[in-house]
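Chemist: what follows is a protein structure lacking sequence information:
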């Protein structure tokens, strides 16, 4: 029975097909209305780029830099110092040090620390790892007010934030990243995965606080003692409320330290974090002596600043080159991009206007140009991540701690194989720019009024300009392994890259590739 039904169905279908016309050109018309008819078209439009110079960038960052290096591309010297405060978790004061009854005491019955050091944890180094360098550690006189407005030209010393007249400010340390006095086995461990190389600065001298109270330093007979470590211990027991959070600690106990490069050339440290480590001992309830330590660590949650000294005259000379564009950090050169919004949206090209069309996709690829010297290629890093941000937001984006939204701001990652940075899915950016200006440039019937366009452009000179900025990012990972950008900073590494572009480009044109649904 089933077989018969199937055969009957086939017969009926054959009759139906034989009664239809073989012309299928109007098949779409019978299924859709005129408003739904479209075809996809693609076009490319040339974009304009130029190098722009920035005097400084926001001083906070993912890493901090210390040292002095000669830029092989320009011959200019770059020096970087940094300031940091130290983080304490909210309401952690009850567990920072052991009970005062248990802690070791001096002959006067006062808490005393065994030793104290400042440790600079090195994430990486640019330049010569064997170069002999010298730094100076300086105590801050007062906490720099917490703000998002400190830029890389912020100089705590020049502005009077440093505390002079104490032994800490006289602490100097000669170092090289590859410490040849260290055993090979230990040096290799510190270079391994999960370990940091570090610079240790002992704080053994006596210390006088802001109330003119002096704390004894190293005692050669006991082979222990530290003025600053003992100061931290006693401050904790006398005023635990000063340790309730980072702000209280910075205002009342430790305003922070400034690390200044004072001698040497050829090495730039990328600092992961800075620590104050207090070593002490106490006796537990069972009468056993326990040796222990407490670290106060810098982090993103507290104020940290980079102070960069760069040769502005050489940076200015690169800005004038118009046969390519530059990306150069720290606080040097960015690439400004002028988007041809008018051509993409309403002007006619190749007999087509897209005033009524729907934008499907838009993409720009920026091609790197080979470094001019082998040394520059080895020393100067290629920026890993680039931010595309509207020209008028190139500073406020970082001050507001914004995250790229793929609407007006975008990230691109360096393709080391192709030597390119590609920004895809720029449709939202283009539509956002156009939607912002549309009420000011259209007639009552929705058509574009070219006179109004010119008036709008004069009132908003950066209306179609974006800037490419090298950045450092941090990622947050989910349990499934996916990641999202959780924070973004101006890159302060020594990096430089030349891109195809410029007013008189020697290496070709840069285009934006666009695809539309063309409404008929």
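Modeler: Everything's here; your move. In this text the structure is predicted, and so the values were computed from the model without any measurement. Numbering: from 1, shown residues only.
Chemist: so what pLDDT did residue 380 get?
Modeler: At residue 380 the predicted local distance difference test score is 81.
Chemist: not counting its neighbours along the chain, what's nearest it?
Modeler: The shortest distance from residue 380 to any residue that is not its chain neighbour, by Cβ to Cβ, 6 or more residues apart in numbering, is 4.3 Å, and that residue is residue 496. Glycine gets a C-beta too; all of them are placed from N, C-alpha and C.
Chemist: so that neighbour sits in a strand?
Modeler: Yes: in this structure, residue 496 lies within a strand as judged by DSSP: H, G, I helix; E, B strand; the rest coil.
Chemist: so who does it touch?
Modeler: 71, 73, 326, 327, 328, 329, 332, 371, 376, 380, 381 (Cβ atoms under 8 Å, 6 or more residues apart in numbering).
Chemist: same check on residue 268?
Modeler: By Cβ under 8 Å, 6+ apart, the contact list for residue 268 reads 65, 66, 67, 68, 69, 78, 80, 125, 126, 127, 494.
Chemist: wait, the last one touches residue 71, no?
Modeler: Yes: here residue 494 lies in contact with residue 71, judged by Cβ atoms under 8 Å, at a distance of 7.2 Å.
Chemist: residues shared between the contacts of those two?
Modeler: Going by Cβ under 8 Å, 6+ apart, residues that sit against residue 494 and also against residue 71 are 78, 380.
Chemist: may I ask which helix or strand encompasses residue 228?
Modeler: For residue 228, the enclosing helix or strand under DSSP states H and E is helix 227-238.
Chemist: after that helix, which helix or strand is next?
Modeler: Scanning forward in sequence from helix 227-238, with DSSP H and E defining helices and strands, the next element found is helix 246-252.
Chemist: want to throw the contacts of residue 268 into a markdown table with neighbour count and distance to residue 102?
Modeler: Shown next, in a markdown table, are the contacts of residue 268 (neighbours: other Cβ atoms under 10 Å; distance: Cβ to Cβ, whole Å):
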| residue | neighbour count | distance to residue 102 |
| --- | --- | --- |
| 65 | 26 | 41 |
| 66 | 24 | 38 |
| 67 | 26 | 42 |
| 68 | 21 | 46 |
| 69 | 24 | 48 |
| 78 | 22 | 49 |
| 80 | 28 | 43 |
| 125 | 17 | 42 |
| 126 | 22 | 46 |
| 127 | 19 | 47 |
| 494 | 25 | 49 |
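Chemist: quick check, nearest of these to residue 274?
Modeler: Residue 274 has its nearest neighbour among those in residue 66, at 9.8 Å by Cβ to Cβ.
Chemist: list the contacts of residue 70.
Modeler: Counting by Cβ under 8 Å, 6+ apart, residue 70 makes contact with 76, 77, 78, 265, 266.
Chemist: again, only using 7 Å
Modeler: Taking Cβ atoms under 7 Å, 6 or more residues apart in numbering as the definition of contact, the neighbours of residue 70 are 77, 265.
Chemist: need phi/psi at it.
Modeler: Backbone dihedrals for residue 70, given as degrees, to the nearest 10, come out at phi -100, psi 130.
Chemist: what about the strands in the stretch 251-400 of the chain?
Modeler: Per DSSP state E, counting those that start in this stretch, the stretch 251-400 of the chain has strands spanning 257-263, 267-283, 289-297, 304-309, 325-329, 333-338, 358-369, 385-390. These are given in chain order.
Chemist: give me the helices and strands touching the shortest one, please.
Modeler: Contact analysis of strand 325-329 by 3 or more Cβ pairs under 7 Å, 6 or more residues apart in numbering; DSSP states H and E lists strand 48-53, strand 333-338, strand 465-477, strand 495-499 as its packing neighbours.
Chemist: residue ranges for the helices of the stretch 301-450 of the chain, please.
Modeler: Using DSSP state H, counting those that start in this stretch, the helices found in the stretch 301-450 of the chain span residues 312-319, 341-345, 374-379, 396-399, 427-441, 450-459.
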